[in-house]
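Novice: sequence first, predicted coordinates after that:
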Amino acid sequence: MNWKLFIARRIYKNNDGNKEVSKPAVRIAMAGISIGLAVMIVSVAVVIGFKNQVRDKVVGLASEVIVTSLDDAQLYMTAPIQASDSLMEALQQKPDISHVQRYSVKPGMIMTDDSFQGMVVKGVGQEYDFSYIREHITEGEIPEFTDTAATNKVLISRSMADKLKLKTGDRIYTYYVDDNVRARRLTVAAIYQTNFSAFDDYFLLTDIYTVNRLNKWEADQVSGIEIDVDDYSRIDAVNDDIRTGLFEASDKYGQSYFSRTIVEANPQIFAWLDLLDLNVWVILILMTGVAGFTMISGLLIIILERTNMIGVLKAMGADNNSIRKIFLSFSVFLIGRGMLWGNVIGLSLCLIQYFFEPIKLDPSVYYVSSVPIELNFLIYILLNVFTLVVSVLMLVGPSYLISRIHPARSIRYE
């Protein structure tokens, strides 16, 4: 049996009560490890959950890749492109693409007897994927939208409905300004709530036929084409493939095509999400530093209290490296115990928030109604390995104090 590990275990299990100074130091060191690891687990789970939920909202409402006109003018005042059957079929057949859908937009205004609201009406065809919107419908049902007939029905957001005091079945008057003012009367078919203010505060959903008529476009013209990608990590490669295929291509109306990813279309949102990664790294470094330095102080106190034992071991022929390994092994036992409690505390907090959501957020600011949690098994394992390795490495330097202890003087030390 490894005698160094045996002695380390005996020191760890020693509960004779004679070492009154080291006991509080050991407990503080383990508490530092526990709290540090718990904070790291919760921080990473919250940031990953928040980033994924916000990303899913943006992608669910606009898809991963968007094809529009190269001459895209003002915000929501788009130049049309031709979405021919051959183009749609060619895009659908590309690898890594799961779905292709058309859309057209037109800015305007809603007016009621008491209020008015600027908005953008988004027209969609029969192929539009409503799976994400359907999960967030709070009232009413989604009608069947086509590109051949006007339904005169719209989906509006909960925030817009509350502001204008609307409910399903109500008729609203919408106005659009071109060379003159044009009006359309629409019926509220359903109300949705995604808690994504950039979409909820402005967009109405209706059929693409109505929007194309408002824009005075041909039946095969649209504002853009939304493309769903099988694997989010592949969006840049898919976009490059589409962009290469459409390079210098023009439709029969003379418009050039241009493709971009959802990240390029919403740089401010994704740049904000990327900043969260920096916050996580700061937390990881600070918590690891706190845990490591508490372990260093605890180890130094233990070494000083065991000076007599160190002198006896040296007198019996043990070298400095062997004694250092004893105390480093002992430290690993303490770190392991602290990490066990850190995992219990961190995972418990995450599971409580995941299932019961006691901590709420303002969705108008954070896009989510409660603190999101997502546990990634691989990252969870890496956090534990990272904490263990860094904590042990931080103890290597202080353990060299053992080489300064003299056997003759230390044996007389009490």
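Specialist: Great, that's in hand. Residues are numbered from 1 along each chain as shown.
Novice: top strand in the chain by residue count?
Specialist: The single longest strand within the chain, with elements called by DSSP state E, is strand 97-111.
Novice: for that one, which positions count as buried?
Specialist: Going by neighbour count (16 or more other C-beta atoms under 10 Å), the buried part of strand 97-111 is 97, 99-106, 108, 110. Every residue, glycine included, has its C-beta placed from N, CA and C.
Novice: what's the neighbour count on S233?
Specialist: A count of nearby residues for S233, using other C-beta atoms under 10 Å, gives 7.
Novice: ok, the nearest residue in space to H99 that is not next to it in sequence - contacts?
Specialist: Counting by C-beta to C-beta, 6 or more residues apart in numbering, D228 is the residue found nearest to H99 once chain neighbours are left out, at 4.0 Å. Going by C-beta atoms under 8 Å, 6 or more residues apart in numbering, D228 touches 63-64, 97-100, 129.
Novice: so what strands line up beside the longest strand of the chain?
Specialist: Using DSSP bridges, strand 97-111 pairs in its sheet with strand 116-124 (antiparallel), strand 171-177 (antiparallel), strand 224-229 (antiparallel).
Novice: burial count for L347?
Specialist: Number of residues near L347 (other C-beta under 10 Å) recorded here: 17.
Novice: let me know the secondary structure of it.
Specialist: Classification of L347 by DSSP: H, G, I helix; E, B strand; the rest coil places it in helix.
Novice: going forward can the numbers begin at 85, since that is how I track them
Specialist: Renumbered: residue one is now 85, and that last one reads L431.
Novice: where does the residue nearest to it when sequence neighbours are not counted land on pLDDT?
Specialist: Leaving aside its sequence neighbours, L431 sits nearest to I125 (C-beta to C-beta, 6+ apart; 6.6 Å). With respect to pLDDT, I125 has a value of 94.
Novice: is it true that I125 touches S432?
Specialist: No - using C-beta atoms under 8 Å, I125 is not in contact with S432, being 10.0 Å away.
Novice: more neighbours: the two, which one.
Specialist: Neighbours per residue (other C-beta under 10 Å) separate I125 from S432, with I125 holding more: 24 against 13.
Novice: which elements pack onto the helix or strand containing the more buried one?
Specialist: Using DSSP states H and E, I125 maps to helix 106-146. On a contact count with 3 or more C-beta pairs under 8 Å, 6 or more residues apart in numbering; DSSP states H and E, helix 106-146 meets helix 215-219, helix 346-349, helix 351-389, helix 404-440, helix 461-480.
Novice: N264: which of those is closest?
Specialist: helix 346-349 (31.6 Å; C-beta to C-beta).
Novice: where's R186 relative to T328, distance?
Specialist: R186 is 22 Å from T328, where distance means C-beta to C-beta, to the nearest Å.
Novice: same check, this time on L384
Specialist: Counting by C-beta to C-beta - L384 and T328 are separated by 62 Å.
Novice: name the residue in the two with the higher neighbour count.
Specialist: Taking other C-beta under 10 Å, L384 and T328 do not tie; L384 has more neighbours (15 against 9).
Novice: distance of that one from R390?
Specialist: L384 is 11 Å from R390, by C-beta to C-beta.
Novice: got the contact list for the closest residue to A333 other than its chain neighbours?
Specialist: Among residues not flanking A333 along the chain, Y341 sits closest, at 5.5 Å (C-beta to C-beta, 6+ apart). When the contact criterion is C-beta under 8 Å, 6+ apart, the partners of Y341 are 151-154, 165, 330, 333-335.
Novice: so what angle separates the directions of the helix or strand Y341 falls within and strand 308-313?
Specialist: Using DSSP H and E, Y341 sits within strand 341-345. Here the directions of strand 341-345 and strand 308-313 differ by 40 degrees (axes from the mean of the first three to the mean of the last three C-alpha atoms, to 10 degrees).
Novice: okay, now the sheet partners of strand 341-345, with direction.
Specialist: Next to strand 341-345 in the sheet, as set by DSSP bridges, lie strand 149-153 (antiparallel).
Novice: who touches the strand it pairs with?
Specialist: Strand 149-153 is contacted from outside by 162-165, 175, 307-311, 313, 319, 322-323, 326, 330, 339-346, 349, using C-beta under 8 Å, 6+ apart.
Novice: pretty sure F214 is touching P227, no?
Specialist: No - using C-beta under 8 Å, F214 makes no contact with P227, being 10.3 Å away.
Novice: could you count how many residues lie near Y212?
Specialist: The tally of other residues near Y212 (other C-beta under 10 Å) stands at 20.
Novice: what kind of secondary structure is it in?
Specialist: Three-state assignment for Y212 (three-state DSSP): coil.
Novice: just give the nearest non-adjacent residue to it, would you?
Specialist: Q185 (4.9 Å).
Novice: could you list the domains of this protein?
Specialist: Split into domains by automatic domain parsing, the chain comes to 87-141+353-495, 155-339.
Novice: worst mean pLDDT among those domains?
Specialist: Here the lowest mean pLDDT among those goes to domain 87-141+353-495, at a mean of 84.
Novice: from the middle of its chain, how far away would that domain be?
Specialist: Its chain's C-alpha centre lies 25 Å from the corresponding centre of domain 87-141+353-495 when counted by C-alpha atoms, centre = their mean, to the nearest Å.
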